[in-house]
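In: Return atomic coordinates for the entry below.
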Amino acid sequence: MSDLPARRPEQRASDVDRDLVAEDLRDAFGEGRLDNDEYERRLQAVWEARTYGELDRLTADLPQPLQRERRQAEEKQQKVVEERKKREWREYLDEWQAWAGAAVIMIGIWGISSIASNEAQNFWPVWPLGIWGLILLVGALGGSKADKDKPKSD
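Out: Alright, predicted model coming up:
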C-alpha cells in the first residue's frame with residue numbers, strides 16, 4: 001500500500017513530479033535502457049508535460065529504476081533502525097524509572113524503620129539499588145541484544 005494519494009491521469013503534475021520522472025529517465029539512461037537521443041527526447045517531453053498521464057507515458061516501458069529501489073530499501077532500513085533505537089531508549093528510561101520508584105520505596109522503608117527504632121539503621125537499600133543500577137549501566141554500555149546478534153560486515 002502506498003502512502004501517496006490516488007492520482008488520475010488527467011490531473012496536473014507538479015515540478016516535483018516532473019523532477020521525479022526526470023530522475024527515473026536519468027537512471028534508465030545510466031542503466032543502458034535508453035540511448036542518448038531517446039533520453040534527450042523524453043527529457044524534453046518531461047518539462048513540457050502538464051498531466052500525470054503525459055508523464056506516465058514517458059516511463060511506461062521502463063521498469064522502476066534500480067537506484068530508486070535501492071534508495072527506498074535503504075531508507076526503509078534506516079527508518080526501522082531509528083525506530084528500534086527510539087524504542088530501546090524508551091525501554092531503558094522506563095527501567096530507570098522503575099529503579100527510581102523502587103528507590104523511593106526502599107529508602108522510605110529504611111527511613112520509617114530508623115525513625116521507629118530512634119536510631120539510624122544500617123542503610124541497606126544501597127545493596128539492592130546499587131546492584132540494580134550497576135546492571136542497568138552495564139546493559140547500556142554493552143549494547144542491545146539485536147546489535148550482538150547482528151553479524152559484522154567488514
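In: just checking, Gly53 touches Glu10?
Out: Yes: the pair Gly53 and Glu10 qualifies as a contact (C-beta atoms under 8 Å) at a distance of 6.3 Å. (Each C-beta comes from the backbone N, C-alpha and C, glycine too.)
In: Between those two, which contacts overlap?
Out: Taking C-beta atoms under 8 Å, 6 or more residues apart in numbering as the contact criterion, Gly53 and Glu10 have no common neighbours.
In: Show the contacting residues for Pro125.
Out: Residues counted as contacts of Pro125 (C-beta under 8 Å, 6+ apart) are Ala103, Met106, Ile107, Ile109, Trp110.
In: which of these count as buried?
Out: Buried positions within the contacts of Pro125, assessed by neighbour count (16 or more other C-beta atoms under 10 Å), are Met106, Trp110.
In: Could you save the contacts of Pro125 as JSON lines and add columns showing pLDDT and secondary structure?
Out: Converted to JSON lines, these look like this (pLDDT from 0 to 100; DSSP: H, G, I helix; E, B strand; the rest coil):
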{"residue": "Ala103", "pLDDT": "97", "secondary structure": "helix"}
{"residue": "Met106", "pLDDT": "97", "secondary structure": "helix"}
{"residue": "Ile107", "pLDDT": "97", "secondary structure": "helix"}
{"residue": "Ile109", "pLDDT": "96", "secondary structure": "helix"}
{"residue": "Trp110", "pLDDT": "96", "secondary structure": "helix"}
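In: could you dump the contacts of Pro125 to a markdown table with distance to Leu137?
Out: Below are the contacts of Pro125 laid out as a markdown table (distance: C-beta to C-beta, whole Å):
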| residue | distance to Leu137 |
| --- | --- |
| Ala103 | 15 |
| Met106 | 18 |
| Ile107 | 20 |
| Ile109 | 24 |
| Trp110 | 23 |
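In: and which of the contacts of Pro125 is nearest to Ala140?
Out: Ala140 has its nearest neighbour among the contacts of Pro125 in Ala103, at 17.6 Å by C-beta to C-beta.
In: more crowded one of Gly53 and Glu10?
Out: The residue with more neighbours, out of Gly53 and Glu10, is Gly53; 14 against 10, by other C-beta atoms under 10 Å.
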